[in-house]
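# Please work out how this folds:
(2 chains)
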Amino acid sequence: MIRVRFAPSPTGALHIGGVRTALYNYLLARQKGGTFLLRIEDTDQTRYVPGAEDYIIRSLRWLGIVPDEGVGFGGDYGPYRQSDRKEIYQEYALKLLERGHAYYAFDTPEELDAQRSSVENFIYNHSTRQGLKNSLNFSESETRAWLDQGKPYVIRLKVEPGRSILVSDLIRGDVHFQSGELDDKVLFKSDGMPTYHLANIVDDHLMGITHVIRGEEWLPSTAHHVLLYEGFGWKDTMPAFAHLPLILRPEGHGKLSKRDGAKFGMPVFPTDWQGTDTVEAVQGFDGAGFLPEAVINFLALLGWHPGDDREIFSINELIESFSIENIAKSGARFDYEKAKWFNQKYIQATDNAVLAKHIQPLAAAKGYRTDDNFLQTVAALMKERVTLLPDFVETGYYLFEPVKEYDTETLSKKWTPAIGPIFADLTQMLENLEPFDALNMEASVKAWMQEKGVKPGDILPLLRIAMAGTMKGPAVFDMAEALGKTETIERLKRLINRNA
RNA sequence: GCCCCGUUCGUCUAGGGGUUAGGACGCAGGAUUUUCAUUCCUGUAACACGGGUUCGAUUCCCGUACGGGGUACCA
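As a prediction, this is how the structure comes out:
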């Protein structure tokens, strides 16, 4: 049975690259009938951001990528928060020490900094460790003494030179590393917490993880991880690795970072983040007006392809079609235009009743009417012409409140001296129209045009501008019906007065 | 610097020893809609470079260039 994990650090809002990692893990688990768990990797106490854990859980729920186990979800392999597993790591670090695969090191951060600045390309490894303060150089009693005196220490992995380490990656194939080039990574920090390297191996083993799907930034340290599995004697149950290509910023250099959201005017986080004293607030895909299904679809195709030309996928279709083999090797630039296209597609395909629910809070925030029937009408009239949810109340504001700005250019062309009385006549005709619905109105206006000898192109644009102020928008008669007779007539008269 | 990964239209990608190198976004044009949008059609544009291997390489191999990642008592 497959078991996969998403293991973010609670250091702030969840990055969109992390969301994609979570998604791929989730898809694999669902497809294979396995388990998807959420583990919180909070071993760096200095980077801990309050609220980040809740944010991660909230975001996963919004996206519909809900873990089967983990912090906030229960499960038999807990605790799932690494700070709650402190003693476990200590125990395993000691085990590694006993087996001779690790050693105590007493060098202070300052001493190491000094080494780095005086020795070019300094690296703590087989070639330098004999000159440093560690239990490999100290006698047993000396080491004991340092420990007993309560001197700060770390535990480092003892990497022996001279061998080739194979990392078999599901996406990249076999990758070889020379052990002599690897450093003696710190496994256990002087504050009593493990580093990522120790914690992730111990946890993945204890939690029965079968596949590690994570970002490419972990590929270089995977050699160390293989060494750890060997050191613990867990090589035969070592999980399979799949290192995902990174998501790059839309333009310029480097991977997409948290600050790029503000820089490029687009969200890079799933949901809104209120911010803290140290981390500023940011808008997420939800606040920007994206449907979670659209975000999922967009992200799924950013680095993975189904093997055919399909682009629109429901979550169930993704689960069915997903495969690690079809994950791309190269980094993908974050294409916000494409993300918006997906959202537009999803809005078009969403039922009016559902859209009305999304429009409701947006309308309420603007003090607009929020009755469901009307919002469904707004959805029906606008869904083919919006990209983001807020467009319903912004682009389509005139469905909720009087026209704020008239397209004066069109007006000056169409509102001729002769048209005034004719427009007034039409207004009067509509005022007496019953029932005031689109179908009846269209028939009546057509008959009226026939009778008066007015061309559609002379009168319809004016009707439209009277109601919406702009030449863009839903069909005129649909708009009039949505507005209702009173409001429509009021707007027509307002235009007459404006041009009088 | 050293180590690792990568490189097909502007972007996301398919493909693969002999193809008109396919799709999507974007952009441009057209049709439909007496608006706009939707929808449909058309166009635009790519195999980083140099050596091999081969009858033939965009595809395989080796270099180079470029891009990305790593090189912390961060994850």
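# residue ranges with poor pLDDT in the stretch 351-500 of chain A?
The stretch 351-500 of chain A contains no residues with pLDDT under 70.
# near RNA strand B, which residues of it?
A:384-385, A:449, A:455-457, A:460-461, A:464, A:471-475 (CB under 7 Å from any atom of the strand). From N, CA and C alone the C-beta is placed, and that goes for glycine too.
# what about burial for the residues you listed, which qualify?
Neighbour-count burial (16 or more other CB atoms under 10 Å) applied to these gives A:R385, A:M449, A:L460, A:P461, A:R464, A:G473, A:P474.
# Kindly indicate which of those lies nearest RNA strand B.
A:R385 (3.7 Å; CB to the nearest atom of the strand).
# ok, now how distant is that closest one from A:A475?
11 Å (CB to CB, to the nearest Å).
# and the residue of chain A most remote from its centre, what element?
Largest separation from the mean C-alpha position in chain A: A:E451, at 58.4 Å (CA atoms, centre = their mean). Following DSSP states H and E, one finds A:E451 within helix A:438-452.
# ok, and the closest non-adjacent residue to the residue of chain A found nearest RNA strand B?
Taking CB to the nearest atom of the strand, RNA strand B has its nearest neighbour within chain A at A:P456, 1.9 Å off. Of all residues not flanking A:P456 in the chain, A:M449 sits nearest, at 6.3 Å (CB to CB, 6 or more residues apart in numbering).
# With A:S221 instead?
A:H197 (6.4 Å).
# so who does that neighbour touch?
A:L157, A:K185, A:V186, A:L187, A:S221, A:H224, A:H225, A:L228 (CB atoms under 8 Å, 6 or more residues apart in numbering).
# Among these, which are located in helices?
A:H224, A:H225, A:L228 (DSSP state H).
# and these as a markdown table, adding neighbour count and pLDDT?
Putting these into a markdown table (neighbours: other CB atoms under 10 Å; pLDDT from 0 to 100) gives the following:
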| residue | neighbour count | pLDDT |
| --- | --- | --- |
| A:H224 | 22 | 98 |
| A:H225 | 24 | 98 |
| A:L228 | 25 | 98 |
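# tell me, which of these make contact with RNA strand B?
Within those, nothing lies near RNA strand B by CB under 7 Å from any atom of the strand.
# Give me the phi and psi for A:Y103.
Backbone torsions of A:Y103, given as degrees, to the nearest 10, read phi -150, psi 160.
# Next one: A:L60 from A:T486, what distance?
On the measure of CB to CB, A:L60 and A:T486 end up 47 Å apart.
# and if you look at A:A475?
Counting by CB to CB, the gap from A:A475 to A:T486 is 20 Å.
# one step back: check contacts around the residue nearest to A:P456.
A:K455, A:P456, A:I459.
# I'd assumed the last one was in a strand, is it?
To tie it back to what came earlier, the one meant is A:I459. No - assessed with DSSP: H, G, I helix; E, B strand; the rest coil, A:I459 is helix; it does not lie in a strand.
# Test my guess that it contacts A:A424.
No - taking contacts as CB atoms under 8 Å, A:I459 lies outside contact range of A:A424: 11.7 Å.
# So what does A:I165 look like in phi/psi?
Here is the backbone geometry of A:I165 (degrees, to the nearest 10): phi -110, psi 130.
# What is the neighbour count of it?
19 (other CB atoms under 10 Å).
# cool, and the one 3 residues further on?
Here the count is done by other CB under 10 Å, and A:S168 has 13 residues near it.
# who does it bridge with?
A:D174 (DSSP bridges).
# Quick check: closest non-adjacent residue to A:A281.
Leaving aside its chain neighbours, A:A281 sits nearest to A:G275 (3.3 Å; criterion: CB to CB, 6+ apart).
# That neighbour in helix, strand or coil?
What three-state DSSP gives for A:G275 is coil.
# show me the contacts for A:Q348.
A:K383, A:E384.
# Check the secondary structure at it for me.
Under three-state DSSP, A:Q348 comes out as helix.
# so how far is A:R61 from it?
25 Å.
# Measure how buried the residue lying closest to A:F290 once chain neighbours are set aside is and give me the count.
Residue nearest to A:F290 in three dimensions, not counting chain neighbours: A:N343, with 5.0 Å by CB to CB, 6+ apart. A:N343: 24 surrounding residues under other CB under 10 Å.
# can you check A:G51 too?
Neighbour tally, A:G51, other CB under 10 Å: 16.
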